[in-house]
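S.K.: Could you work out the structure for the sequence below:
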Amino acid sequence: MDILDRLTNRKELEDKLSQEATPVFLDAEALSASLQAKVVGQDRICLEVASQIRRRLALMQRGKPVGVFLFAGPPGTGKTYLGKVLADMLGRKLLHFDMTQYSSGGFAASSLFGTQKGYVGSTSYGKLTESLRDAPDSVVLLDEIEKAHSDVHKKFLTAWNDGFVTEASDGRQISTTRAIFILTTNAAVDTLAELSRLYANSPDELRRGADAALRAAGFAPEVLSRIDRIFVFDPVQGLDIARVAALEIESMIHSYGLSITLGGIDPNILMDLIDRQGRLGQGASARDLVRAIEDTLADSLIEAKRNGVTCVSLVVRNGLVAVLPPDASAAATAC
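M.R.: Numbering: from 1, shown residues only. Just a heads-up that it's a prediction; the model follows:
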């Protein structure tokens, strides 16, 4: 028998040891470059996030999560996507929660943090506590955090401030000191966009202004006080919309089992998508862009696939988008 089995609770000791912070020295420039390659139009945010992660992972003792970051700004600017890409680049498990689903009272909290003994569901852990128990170094992505019920917000306060969450079914404290929390919000879009423009080179002023704007939009002060950094995302405009659209078109083509020629997207197609997004204004999202691309291309791609075409180019003919094999477009290079 192991000495620790005989003289103490070895499992509890191993759990505590696994929760101890160990410094990790991260290449912030490499991480930033990787993020920028995936997330269009937010180079400044990518650099700042990478720098924050590097500093916090290098700490020997934290007692709190690696970071609690709020991504604020207009829809369709890459807030959620950056959280997902960050988890992938760091090799961490992603725990993604749509907080609009936790807007009711007690049930919302119990779904995440477990149910007290004597109530239905008390034999199993909550979705969040179970996931953090099994993968303590996860990236926890809380989409549209402002939509969650205040009871849910209160439960997160100990996670962000004290370094643990309590599982209601058995009272166990689950460490959050190795986790990264990413919160997103679409609140106060217009005000934040103006603040981002005014204080682009003054992060302290931007933080103060963003904090005030989010309080006015209904964020509880105790929630904002536990957020390490607020990152205000810039609206995606001009060529950045074209870049996002081109990547979405490429992804859609691949989803139909096809490939695209080099230079195979007619610039007029991208100009039309830029104009469509512009007409929608600040409220335009990436989902609007995807819907526009789908409406424009899906039927033609299906027809190309049905006809045995494997590689395509997209051109505008008589005001309509045509999906052609590469030898039908002199401007495109074959796959």
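
S.K.: Distance from the helix or strand where L47 lies to the middle of the chain?
M.R.: Applying DSSP states H and E as the criterion places L47 in helix 43-57. Helix 43-57 sits 15 Å away from the centroid of its parent chain (C-alpha atoms, centre = their mean, to the nearest Å).

S.K.: neighbouring contacts of stretch 36-48?
M.R.: 28, 32, 35, 71, 77-78, 81-82, 85, 200, 203, 229, 231, 233-234, 236-237, 240, 243-244, 247 (C-beta atoms under 8 Å, 6 or more residues apart in numbering). In short, each C-beta sits where N, CA and C put it, glycine included.

S.K.: Among those residues, name the ones in helices.
M.R.: In helices, judged by DSSP state H, the following of these are found: 28, 32, 35, 81-82, 85, 203, 240, 243-244, 247.

S.K.: Derive a PyMOL selection command for the buried subset of the contacts of stretch 36-48.
M.R.: To isolate the buried members of the contacts of stretch 36-48 in PyMOL, using 16 or more other C-beta atoms under 10 Å:
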select buried, resi 28+32+35+71+77+78+81+82+85+231+233+234+236+240+244
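
S.K.: Pull out the buried residues from stretch 117-133.
M.R.: Buried residues in stretch 117-133, counted by 16+ other C-beta under 10 Å: 125-133.

S.K.: Next: stretch 58-71.
M.R.: Using 16+ other C-beta under 10 Å as the burial criterion, the residues of stretch 58-71 that qualify are 64-71.

S.K.: likewise stretch 256-267?
M.R.: Those would be 258, 260-261, 264-266, for stretch 256-267 by 16+ other C-beta under 10 Å.

S.K.: circling back: could you work out the most separated pair of the buried residues of stretch 117-133?
M.R.: K127 and R133 (11.1 Å; C-beta to C-beta).

S.K.: Using CSV, write out every CA atom in the helix holding L47.
M.R.: Extracted in CSV, the C-alpha atoms of helix 43-57 (Å, rounded to 0.1, in the frame of the first residue of the first chain):
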residue,chain,number,x,y,z
ASP,A,43,-5.5,42.7,-35.3
ARG,A,44,-5.3,45.1,-32.4
ILE,A,45,-7.6,42.8,-30.3
CYS,A,46,-5.7,39.7,-31.2
LEU,A,47,-2.4,41.3,-30.1
GLU,A,48,-3.8,42.6,-26.8
VAL,A,49,-5.5,39.2,-26.0
ALA,A,50,-2.2,37.3,-26.8
SER,A,51,-0.3,39.7,-24.5
GLN,A,52,-2.7,39.3,-21.6
ILE,A,53,-2.7,35.5,-21.9
ARG,A,54,1.1,35.5,-22.0
ARG,A,55,1.4,37.6,-18.8
ARG,A,56,-1.1,35.6,-16.9
LEU,A,57,0.1,32.2,-17.8
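
S.K.: which parts of it are buried?
M.R.: So for helix 43-57, counting by 16+ other C-beta under 10 Å, buried means 44-50, 52-54, 56-57.
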